[in-house]
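S.K.: Would you be able to build a 3D model of this:
(one chain, ligands or ions: 1)
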Amino acid sequence: MIARMPHLIASTVRLAHRADPRALRQVAGAEFGGGVAQAVGLIAVNAVLVRILGPGETGDRITAAVPALIAVAVTALIGALLRSASTAGTGRLEPKVFRVATEEYLERVARVELEAVEDEEFHKLLDSAQWGAESARRMIKFCTSVVAAAISLIAAAGVLTVLHPALLPLLALMTLPSAWSSLTIARRRYVSFHTWVQHARAGQLLGRLLIDAQAAPEVRVHNIGPFLLRHFRTMAETGEKEQTRLAGLAARTGLIASGWTGLTTAATYATLGLLLWTGAMDLAVAGTAVIAIRTGSANLDALVIQLNYLYEESLFVADMERLCEEADRRLIPGTGLPLPAEVKTIRFENVSFTYPGVSERPALDGVDVTIPAGRIIALVGNNGSGKSTLAKLLCGLYAPDTGRIMWDGVDAAEADRAELFDRVAVVAQDFYRWPFTARVNVAIGRPDAPSDEHLLDAAAEYAGAGGTIGSLPRGWDTLLARGYKGGHQISGGQWQRLGIARARHRDARVLVVDEPTSALDAEAEQRVFDQIRALAAEGQTVILITHRLHSVRHADEIYVLEQGRVTEHGSFDELMRPRDGAFRRMYLVQSSQYAYEEGEARS
Ligand SMILES: Nc1ncnc2c1ncn2[C@@H]1O[C@H](COP(=O)(O)OP(=O)(O)OP(=O)(O)O)[C@@H](O)[C@H]1O
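M.R.: Below you'll find the predicted structure:
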């Protein structure tokens with residue numbers, strides 16, 4: 001701990017310097033000054049005692065002690081002023097350090113590869129590192145207290161050494177037990193936190209589900225409350241057992257430490273008594289020594305306690321630093337080959353991909369797909385056949401394990417990812433419902449572009465969301481987050497229209513639409529497919545993933561996926577030709593459900 005502490009204190013100081021260098025200077029100056037004031041105060045106390053306990057008339061002795069007494073009062077006053085300056089500076093510094101530390105890790109985490117976000121280990125690190133920013137904030141106060149206690153201790157130790165060299169090791173010995181106990185308890189708490197962090201997170205999740213607005217209807221109708229509560233209780237009780245275990249161990253460690261402290265305190269005072277008895281020390285010096293020992297041991301105790309807090313917090317700050325390092329290692333590269341200005345074909349060449357940490361079959365297995373610019377390419381297939389995965393690889397969210405994705409002559413794995421992302425707009429199956437206004441929900445498709453009312457209106461009109469916006473109480477400025485003041489809830493289909501408007505507003509060369517109409521009414525669905533066709537006519541490339549097979553009739557090329565492989569591809573007519581084709585079979589199953597025969601309604 002001692003070895004790592006300087007590094008952690010240094011990184012906190014660096015953080016503080018970045019957050020507010022003036023406040024840092026104020027705190028450091030005040031703390032140093034406070035320590036010096038205390039040392040001078042102690043020397044002045046010694047002078048007072050020497051004068052008062054010295055030979056002569058009482059009146060003369062008191063008169064002689066007055067200058068030293070004034071020195072004691074002045075140093076106490078200076079000490080108080082410096083303490084309040086330090087408190088003010090620390091108060092200013094703490095929230096800024098919290099912000100800087102939070103920004104530091106959030107900024108990185110937002111730019112790591114998707115693979116890292118889905119990695120369990122990275123998530124575990126993220127869970128504990130989230131405490132790091134708060135710990136960095138608290139470390140400021142503890143650092144300040146450590147510096148203050150250390151300076152005071154040095155002052156007291158200096159005075160003690162001058163009084164009698166034997167007193168110093170005794171002072172150290174008195175504090176060793178509490179240092180040992182505090183550090184042991186802190187270390188245990190930290191190890192336990194790490195072992196139980198995921199358990200605690202799962203318990204909190206259960207608790208949150210009970211109050212989650214989205215889960216609320218099902219919780220009531222299906223009476224899920226008692227079920228969730230039961231599991232929450234079981235998990236909480238397991239956590240309680242761990243807390244009880246830690247408390248038992250802490251009590252035992254504390255008791256051992258107290259016994260040890262008692263013995264060393266007795267030894268210290270016995271030594272002092274012996275020195276007095278043998279005449280090796282006179283009474284005035286012994287009086288100062290008692291004060292110095294009391295101040296020193298209080299300082300040492302404070303130092304140990306504050307160091308212990310500092311140590312505990314520093315472990316979380318270290319986690320945050322580890323997260324930042326790990327995030328840096330897994331950042332999406334900031335450079336790469338430029339893509340051709342006008343890409344004519346995107347080609348998947350024998351692409352295989354297995355999700356990290358998944359040992360079963362690959363999600364994509366030797367896939368060849370050709371996507372010419374300005375065409376509609378449909379991906380169809382059963383659930384889990386790999387359609388969305390293929391789309392994610394196309395968007396540059398994952399890289400193939402083997403094979404290549406060529407944007408004309410440029411391999412996507414070597415391309416500048418920012419440029420690649422720039423070329424793509426996505427309406428994912430689980431597109432995000434941003435808890436912001438309707439305007440932001442569409443404009444966020446191009447977060448860097450200035451908000452242009454005409455463009456937003458055009459995107460909404462395109463997606464058939466114009467009516468939805470018009471019906472909202474505050475139009476574009478309606479907050480779409482129920483549970484907040486002025487928040488409004490819209491239907492799933494209306495959200496989907498906003499999602500499509502967002503992708504349209506992005507205006508990228510390649511549009512990936514994954515089940516774009518699953519929540520739309522029949523007319524809106526027809527309209528969306530007409531619009532998609534119109535987009536392709538304008539030169540935009542469309543990747544359409546859908547289970548509604550009648551909507552892929554107009555696709556230029558249809559790829560049928562099965563267990564990560566392309567089993568058939570061709571135009572709609574080509575795929576309907578072979579009587580045993582998978583696509584034809586799926587299409588006929590679906591269309592037969594819509595077949596309507598006269599007389600059916602009456603029977
Ligand atoms: N993030 C992920 N991590 C691990 N495995 C995943 C992940 N996403 C998908 N998979 C797995 O990869 C396989 C292909 O999934 P994918 O989502 O691509 O299928 P899909 O054809 O789009 O299915 P659906 O029609 O249900 O949307 C499935 O076995 C799925 O369980």
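S.K.: and the residue in the stretch 1-150 of the chain that the ligand sits nearest to, how many neighbours?
M.R.: Each residue of the stretch 1-150 of the chain has a distance to the ligand, by Cβ to the nearest ligand atom, and the smallest belongs to Glu118, at 5.3 Å. For the C-beta atoms, the positions are set from N, CA and C on the backbone; glycine is no exception. Using other Cβ atoms under 10 Å as the criterion, Glu118 is surrounded by 13 other residues.
S.K.: What of Ala200?
M.R.: If you count neighbours by other Cβ under 10 Å, Ala200 ends up with 16.
S.K.: Give me the nearest residue to it, chain neighbours excluded.
M.R.: The spatial neighbour of Ala200 that comes closest, neighbours along the chain excluded (Cβ to Cβ, 6 or more residues apart in numbering), is Gly239 at 6.4 Å.
S.K.: which secondary structure elements does the one helix or strand that neighbour maps to contact?
M.R.: Assigning secondary structure by DSSP states H and E places Gly239 in helix 225-277. The criterion is 3 or more Cβ pairs under 8 Å, 6 or more residues apart in numbering; DSSP states H and E, and the helices and strands that helix 225-277 contacts are helix 167-211, helix 283-329.
S.K.: Need the per-residue pLDDT for the spatially closest residue to Leu323 that is not a sequence neighbour.
M.R.: With Cβ to Cβ, 6+ apart as the measure, Ala129 is the residue that lies nearest to Leu323, at 3.7 Å, once sequence neighbours are left out. If you check Ala129, the pLDDT there is 79.
S.K.: Doesn't Ala129 belong to a helix?
M.R.: Yes: judged by DSSP: H, G, I helix; E, B strand; the rest coil, Ala129 forms part of a helix.
S.K.: Go ahead and confirm it touches Leu106.
M.R.: No: assessed by Cβ atoms under 8 Å, Ala129 is found out of contact with Leu106, at 10.5 Å.
S.K.: neighbour-wise, which of these two wins?
M.R.: Neighbours around Ala129 and Leu106, counted as other Cβ under 10 Å, are more numerous at Ala129. The numbers are 24 against 13.
S.K.: Quick check: the more buried one vs Ala136, distance?
M.R.: Separation of Ala129 from Ala136 (Cβ to Cβ, to the nearest Å) stands at 11 Å.
S.K.: Mutual contacts of those two, please.
M.R.: Met320 (Cβ atoms under 8 Å, 6 or more residues apart in numbering).
S.K.: elements contacting the helix or strand bottoming out on mean pLDDT in the chain?
M.R.: One helix or strand of the chain scores below all others by mean pLDDT, DSSP states H and E: helix 522-537, with a mean of 73. For helix 522-537, the elements it packs on are strand 376-381, helix 453-463, helix 492-506, strand 510-514, strand 541-545, judged by 3+ Cβ pairs under 8 Å, 6+ apart.
S.K.: Pairing partners for the fourth one, with directions?
M.R.: Paired with strand 510-514 in the same sheet, following DSSP bridges, are strand 424-427 (parallel), strand 541-545 (parallel).
S.K.: residues in contact with it?
M.R.: Residues lying outside strand 510-514 but in contact with it, judged by Cβ under 8 Å, 6+ apart, are 346, 371, 387-388, 391, 394-395, 423-429, 500, 503, 532, 535, 540-546.
S.K.: Write out the residues of the stretch 1-150 of the chain neighbouring the ligand.
M.R.: Glu118 (Cβ under 6 Å from any ligand atom).
S.K.: Any stretches of the stretch 1-150 of the chain with poor pLDDT?
M.R.: The model of the stretch 1-150 of the chain has pLDDT under 70 over residues 1-2, 4.
S.K.: any chance you could map the helices in it?
M.R.: 5-19, 21-53, 58-109, 114-117, 120-163 (DSSP state H, counting those that start in this stretch).
S.K.: just so I know, which of the ones you listed lies nearest Trp495?
M.R.: Taking Cβ to Cβ as the measure, the helices of the stretch 1-150 of the chain were each checked against Trp495, and helix 114-117 came out nearest at 22.6 Å.
S.K.: ok, and for the closest one, which residues are buried?
M.R.: If you call a residue buried by 16 or more other Cβ atoms under 10 Å, then helix 114-117 has these buried ones: Ala116.
S.K.: May I have the least confident helix or strand of the chain as CSV, with CA atoms only?
M.R.: What follows is helix 522-537 as a C-alpha-only set of coordinates in CSV (Å, rounded to 0.1, in the frame of the first residue of the first chain):
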residue,chain,number,x,y,z
ALA,A,522,-50.7,-1.8,-42.5
GLU,A,523,-51.0,1.5,-44.3
ALA,A,524,-47.9,2.9,-42.6
GLU,A,525,-46.0,-0.3,-43.4
GLN,A,526,-46.9,0.0,-47.1
ARG,A,527,-45.9,3.6,-47.1
VAL,A,528,-42.5,2.8,-45.6
PHE,A,529,-41.7,0.2,-48.2
ASP,A,530,-42.7,2.6,-50.9
GLN,A,531,-40.4,5.2,-49.4
ILE,A,532,-37.5,2.7,-49.2
ARG,A,533,-38.0,1.9,-52.9
ALA,A,534,-37.9,5.6,-53.7
LEU,A,535,-34.7,5.9,-51.7
ALA,A,536,-33.0,3.3,-53.8
ALA,A,537,-34.2,5.1,-56.9
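S.K.: and that helix, how far from the chain's centre?
M.R.: Computed by Cα atoms, centre = their mean, to the nearest Å, the separation of helix 522-537 from the middle of its chain amounts to 40 Å.
S.K.: just to revisit the earlier point, could I get the helices of the stretch 1-150 of the chain as JSON lines with distance to Pro226?
M.R.: Compiled in JSON lines, the helices of the stretch 1-150 of the chain are given as follows (distance: least, Cβ to Cβ, whole Å):
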{"stretch": "helix 5-19", "distance to Pro226": "46"}
{"stretch": "helix 21-53", "distance to Pro226": "51"}
{"stretch": "helix 58-109", "distance to Pro226": "37"}
{"stretch": "helix 114-117", "distance to Pro226": "34"}
{"stretch": "helix 120-163", "distance to Pro226": "28"}
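S.K.: still on that earlier bit, please identify the buried residues of the least confident helix or strand of the chain?
M.R.: Under the neighbour-count criterion of 16+ other Cβ under 10 Å, helix 522-537 has 524-525, 527-529, 531-532, 535-536 buried.
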